[in-house]
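A.B. asks: Got a sequence here, can you build the structure:
(chains A, B, C and D)
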Number of protein chains: 2
Amino acid sequence: MIKQKKILEAAARFNYTLNPYAISLRRKASKTIAVILPEVADSFFSLTINGIQFVAERKGYHVLIYLSHDKFLNEKSIVGECGSGRVEGVLISVTSETTLPDHIINLQAENIPIVFFDREFEGLPVAKVLTNDFESGYLAASHIIMNGCTNPVFLSISSSLSICNKRAEGFKEALREKKIITSNEPVIICGGTNVKVYSQIKNLLTGKNRPNGIVASVERLAIIVYLVSHEIGIAIPNELKVVEFSTMETAPILNPPLTTITQPAFEIGKTAAELLFKGIEKKAYDLAGEMVVLPSVLIKRTSSSAS
Amino acid sequence: MIKQKKILEAAARFNYTLNPYAISLRRKASKTIAVILPEVADSFFSLTINGIQFVAERKGYHVLIYLSHDKFLNEKSIVGECGSGRVEGVLISVTSETTLPDHIINLQAENIPIVFFDREFEGLPVAKVLTNDFESGYLAASHIIMNGCTNPVFLSISSSLSICNKRAEGFKEALREKKIITSNEPVIICGGTNVKVYSQIKNLLTGKNRPNGIVASVERLAIIVYLVSHEIGIAIPNELKVVEFSTMETAPILNPPLTTITQPAFEIGKTAAELLFKGIEKKAYDLAGEMVVLPSVLIKRTSSSAS
DNA sequence: TTTATTTACGAAGCCGTTTTCGTAAAAATG
DNA sequence: CATTTTTACGAAAACGGCTTCGTAAATAAA
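C.D. replies: Predicted coordinates for the structure are as follows:
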């Protein structure tokens, strides 16, 4: 330990750094995790990345970010890339198209820890960090019903996405409980591009069975609902009450201020990462059974107030 | 090529994949780039990430994302991590505290390609992809002055950040040209946390030399300006005209709709990444002189309209 | 058929570090 | 002073692939 010290000093002087890949190869540890998510230009996901980075930095880990663009095939090939020791753990929010779990199972077979955050694939022995989707859907519906909404609708983006389904279930439960009969199918799937969704929502709001309340399940939908309402001159909240699952910072300064079910996005990311590191650090620790539910909060603003 | 084929088939059957770090070590190529930026929970930066990912995917490269949280020391240590072959190229948007370029120079000395996007460090022989900051600042100021603003102010976040300074210079140039004398220092630095900036802006808007026009240089500031205005009851645009450098999707549905200087965020990321790959692929190609300027556009909305 | 050319592939070295091993030197013990 | 224990460190193997290199086999040309 005498010569070594000198060498290290000299190394520092020349600001020489070890080759990370030689280390990864020898140690079989890459000090890297992967985050796979549908998109990043979304306030919810960007906040979860913040939470993940917060933990990863502290642990001295590097973070690879992959975007699935909400396409299953992308997700599948990305998950494939995460094997063979490239990363020590994977945080994933699945696409709205993901109905087969094989890629996840294969990755787990390689013994690499996985944690779902927000969007899970149900029925798999994988750790997950979620929010209270059912209750939130229930709460959103109850809230607008209590404020006078008689004909609400729930906007989903996929019939296979766990969060949307749970939120929709909660929504429907509230309708049953309040004995509300809607003139439309109460849950509408708004798939496809923004342009498509735009015309779909425009049709909905100009049709004869026009709803007078909307609960939108993801951020993207809310913006479109507002744009359409502004365009065709629907008065929110008088003609249409709107509640939105969203973490947008601009919610309070929208016209009108938007009532949101705000998910604890940063905490979801942070908690998911912490869970992942438990799995990475203790070989014995079994992530499979872990599930953390972080509650969302209803923030009442003008868009849903009583007429 | 007979036996090899069979082996590859067998490998595929067991879905065996090569160890990426062994390959990186031997080939001295990691197929990985790094993106360093102040924050990700910001629509501009998240869109640039989209643009970068778009190119990286196509090239089969992996993307490491690092957040500097707008702190110089973080940036410095992150840049340090990028040496020694960990990544083949670095895309960076510097912090508002970055006044020393040594870390960048050291990285360049290791011969790894670097491209600045949006926030550059001026005076370095490093490739850069920017927007037309000076012209945009000029345009924003001219626009509100023409609409009747007599006492505008420019909100910056740092006296050392190139984009803010150029935007501010353009702003001041317009003031000179229109012979506008402001009652305050025309450029105000809004540093620190959101809470601090909030009270600073509140003081500004309740003080006796209250401006009747604001050009905000980054997204974060605009939201705060709106929040303060709503709180203290300042009427936009009648009492205060607002123009904002922003890519927020919600700009048209704010109260009132927000006039923006919208940067081509996705294209900036995409172009920066393409430039980086030119540097990565052709050893001969010299990035040093490269500079691409992608123009922003002024999108006029209610927040700046004539009183 | 013989010679030249191409193709296939096993063997060995190499990438840059960690880890193990063995020995030499130093320190501690009897 | 001799012996045991500790410490230091050089040498070599290993991590898991890629990359020569050389030779054997197959093919083409003469």
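
A.B. asks: which residues in the stretch 101-250 of chain A form helices?
C.D. replies: With DSSP state H, counting those that start in this stretch as the criterion, the stretch 101-250 of chain A has helices at A:102-109, A:133-146, A:162-177, A:194-206, A:219-232.

A.B. asks: Just put the ones you listed in TSV and tack on distance to residue A:243, mean pLDDT and mean neighbour count.
C.D. replies: Every C-beta, even on glycine, is put in place using the N, C-alpha and C of the backbone. As requested, the helices of the stretch 101-250 of chain A are exported to TSV (distance: least, C-beta to C-beta, whole Å; pLDDT from 0 to 100; neighbours: other C-beta atoms under 10 Å in any protein chain shown):
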stretch	distance to residue A:243	mean pLDDT	mean neighbour count
helix A:102-109	32	95	16
helix A:133-146	4	98	22
helix A:162-177	10	97	21
helix A:194-206	15	96	15
helix A:219-232	9	95	20
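
A.B. asks: JSON lines for those, including distance to residue B:116?
C.D. replies: Supplementary listing: the helices of the stretch 101-250 of chain A in JSON lines, determined by distance: least, C-beta to C-beta, whole Å:
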{"stretch": "helix A:102-109", "distance to residue B:116": "36"}
{"stretch": "helix A:133-146", "distance to residue B:116": "42"}
{"stretch": "helix A:162-177", "distance to residue B:116": "38"}
{"stretch": "helix A:194-206", "distance to residue B:116": "31"}
{"stretch": "helix A:219-232", "distance to residue B:116": "30"}
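
A.B. asks: Tell me which of those lies nearest to DNA strand D.
C.D. replies: Of all the helices of the stretch 101-250 of chain A, the one in closest proximity to DNA strand D, counting by C-beta to the nearest atom of the strand, is helix A:102-109 (16.1 Å).

A.B. asks: Now tell me what touches the closest one from outside.
C.D. replies: Applying C-beta atoms under 8 Å, 6 or more residues apart in numbering or on different chains, the contact partners of helix A:102-109 are A:75-76, A:79-80, A:82-83, A:90, A:92, A:114, A:121, A:124, A:126, B:15.

A.B. asks: Show the buried residues in these.
C.D. replies: When the contacts of helix A:102-109 are checked for burial by 16 or more other C-beta atoms under 10 Å in any protein chain shown, the buried set is A:75-76, A:79, A:82-83, A:90, A:92, A:114, A:121, A:126.

A.B. asks: Residue of chain A nearest chain B, please.
C.D. replies: Relative to chain B, the nearest point of chain A is residue A:255 (3.4 Å; C-beta to the nearest C-beta).

A.B. asks: Find the residue closest to that residue in space, skipping its chain neighbours.
C.D. replies: Spatial nearest neighbour of residue A:255, chain neighbours left out: residue B:255 (3.4 Å); criterion: C-beta to C-beta, 6 or more residues apart in numbering or on different chains.

A.B. asks: can you pull the contacts of the one you found?
C.D. replies: Here residue B:255 is in contact with A:253-257, B:226, B:230 (C-beta under 8 Å, 6+ apart).

A.B. asks: Relative to DNA strand D, which of those residues is nearest.
C.D. replies: Nearest member of those to DNA strand D, counting by C-beta to the nearest atom of the strand, is residue A:254, at 52.4 Å.

A.B. asks: any idea how far residue B:253 is from the closest one?
C.D. replies: Distance from residue A:254 to residue B:253, counting by C-beta to C-beta, to the nearest Å: 5 Å.

A.B. asks: again, but for residue A:264
C.D. replies: 24 Å.

A.B. asks: now residue A:145
C.D. replies: In this view, residue A:145 and residue B:253 are 25 Å apart by C-beta to C-beta.

A.B. asks: Residue A:132 too?
C.D. replies: Taking C-beta to C-beta, one finds residue A:132 at 28 Å from residue B:253.

A.B. asks: Surely residue A:70 touches residue A:39?
C.D. replies: Yes. Residue A:70 is within contact range of residue A:39, at 6.7 Å (criterion: C-beta atoms under 8 Å).

A.B. asks: which regions of the stretch 1-150 of chain A sit below the pLDDT cut-off?
C.D. replies: A:1-9, A:12 (pLDDT under 70).

A.B. asks: Enumerate the residues of the stretch 101-250 of chain A near chain B.
C.D. replies: A:106, A:223, A:226-227, A:230, A:248-250 (C-beta under 8 Å from any C-beta of the partner chain).

A.B. asks: Considering those, which is situated nearest to residue A:213?
C.D. replies: residue A:226 (14.4 Å; C-beta to C-beta).

A.B. asks: can I assume residue A:215 is in contact with residue A:152?
C.D. replies: Yes. Using C-beta under 8 Å, residue A:215 is in contact with residue A:152, at 6.6 Å.

A.B. asks: what do these two both touch?
C.D. replies: A:141, A:144, A:171.

A.B. asks: Now flag whichever of the residues you listed is closest to DNA strand C.
C.D. replies: The closest of the shared contacts of residue A:215 and residue A:152, once distances to DNA strand C are taken by C-beta to the nearest atom of the strand, is residue A:171, at 53.2 Å.

A.B. asks: pretty sure the closest one is in contact with residue A:186, am I right?
C.D. replies: Yes. The criterion here is C-beta under 8 Å, and residue A:171 meets it with residue A:186 at 7.1 Å.

A.B. asks: which residues do those two both contact?
C.D. replies: A:152, A:154.

A.B. asks: any residue of stretch A:71-81 up close to DNA strand D?
C.D. replies: No. Against DNA strand D, stretch A:71-81 shows no contacts by C-beta under 7 Å from any atom of the strand, the least distance being 14.3 Å.

A.B. asks: ok, for the residue in the stretch 51-200 of chain A that DNA strand D sits nearest to, nearest residue in space, not its chain neighbours?
C.D. replies: DNA strand D sits closest to residue A:84 of the stretch 51-200 of chain A, with a gap of 6.6 Å, by C-beta to the nearest atom of the strand. Residue nearest to residue A:84 in three dimensions, not counting chain neighbours: residue B:17, with 4.3 Å by C-beta to C-beta, 6+ apart.

A.B. asks: wait, isn't that neighbour in contact with residue A:82?
C.D. replies: No. The criterion here is C-beta under 8 Å, and residue B:17 misses it with residue A:82 at 9.9 Å.

A.B. asks: now the strands: where do they sit in chain A?
C.D. replies: A:32-37, A:62-67, A:89-92, A:114-117, A:127-131, A:152-156, A:187-189, A:213-216, A:241-245, A:259-262, A:291-294, A:297-299 (DSSP state E).

A.B. asks: Turn those strands into JSON lines, columns for distance to DNA strand D.
C.D. replies: Shown next, in JSON lines, are the strands of chain A (distance: least, C-beta to the nearest atom of the strand, whole Å):
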{"stretch": "strand A:32-37", "distance to DNA strand D": "16"}
{"stretch": "strand A:62-67", "distance to DNA strand D": "19"}
{"stretch": "strand A:89-92", "distance to DNA strand D": "18"}
{"stretch": "strand A:114-117", "distance to DNA strand D": "21"}
{"stretch": "strand A:127-131", "distance to DNA strand D": "26"}
{"stretch": "strand A:152-156", "distance to DNA strand D": "43"}
{"stretch": "strand A:187-189", "distance to DNA strand D": "43"}
{"stretch": "strand A:213-216", "distance to DNA strand D": "47"}
{"stretch": "strand A:241-245", "distance to DNA strand D": "43"}
{"stretch": "strand A:259-262", "distance to DNA strand D": "45"}
{"stretch": "strand A:291-294", "distance to DNA strand D": "33"}
{"stretch": "strand A:297-299", "distance to DNA strand D": "48"}
